[in-house]
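Undergrad: Coordinates for the following, if possible.
(2 chains)
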Amino acid sequence: DGGITQSPKYLFRKEGQNVTLSCEQNLNHDAMYWYRQDPGQGLRLIYYSQIVNDFQKGDIAEGYSVSREKKESFPLTVTSAQKNPTAFYLCASSIGQGGTEAFFGQGTRLTVV
Amino acid sequence: AQSVTQLDSQVPVFEEAPVELRCNYSSSVSVYLFWYVQYPNQGLQLLLKYLSGSTLVKGINGFEAEFNKSQTSFHLRKPSVHISDTAEYFCAAVSGGYNKLIFGAGTRLAVHP
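TA: Next up, the predicted model:
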């Protein structure tokens, strides 16, 4: 079955440690996205990529980094520079042309203690 | 700035009653509009989308939405809700040529018996 896989579903890390969230898709989509979700704030765009080896900052990129070395994969690293990393993180992909919907993974809940 | 505004953060309703969830978008946003539903600790699932053509769009689970260009609105409706419709609903719009999705803050629909 085609889809987007995020792993792990739950992740715990100590403050000051970097952590990488995985996102893989087998939909042959060109575009991929990372969103952060906090209660009452909807989804905020962290980074997006329209094509392999290219990505753009979203609205809240500070403290995060990404790579897009393969079409299928778009990992997100939450660095120690991110002041408040505890959140629900959602990865999405789309064909990449204007007007097409995004397909979402099941999310990763990151808790930093 | 481009934006999507969901006018109600929470909507309580009794089972089998009609419901309307309101969404307005800024006129600078490209007129590709979407409604997504999110169940607890899950990703987002597309309910319906407006790309062009008929302003009344029908989606899954009995939901429909009407695109109103003059009022820059895209309200979601269902004539009779079920307990299983309890979830968070997000309105979204495509921005510019990068297929960048902008989300509203979400509306939590609570259906009571």
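
Undergrad: The worst-scoring helix or strand of chain B on mean pLDDT pairs with which strands?
TA: None of the helices or strands of chain B scores lower by mean pLDDT, DSSP states H and E than strand B:100-103, at a mean of 82. If you go by DSSP bridges, strand B:100-103 pairs up with strand B:87-95 (antiparallel).

Undergrad: what comes into contact with the partner strand?
TA: When contacts are defined by CB atoms under 8 Å, 6 or more residues apart in numbering or on different chains, strand B:87-95 is touched by residues A:42-43, A:98-99, B:2, B:4, B:6, B:21, B:23, B:25, B:29-40, B:44, B:47, B:74, B:76, B:100-104, B:106-109. Every C-beta, even on glycine, is put in place using the N, C-alpha and C of the backbone.

Undergrad: Buried subset of these as a ChimeraX selection?
TA: Buried subset of the contacts of strand B:87-95, written as a ChimeraX selection, criterion 16 or more other CB atoms under 10 Å in any protein chain shown:
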select /A:42,43,98,99 /B:4,6,21,23,25,29,30,31,32,33,34,35,36,37,38,44,47,74,76,100,101,102,103,104,106,107,108,109
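
Undergrad: Nearest the middle, which residue of chain A would you pick?
TA: The centre of chain A sits closest to A:Trp34, judged by CA atoms, centre = their mean, with a distance of 2.9 Å.

Undergrad: can you tell me which helix or strand it belongs to?
TA: Following DSSP states H and E, one finds A:Trp34 within strand A:31-37.
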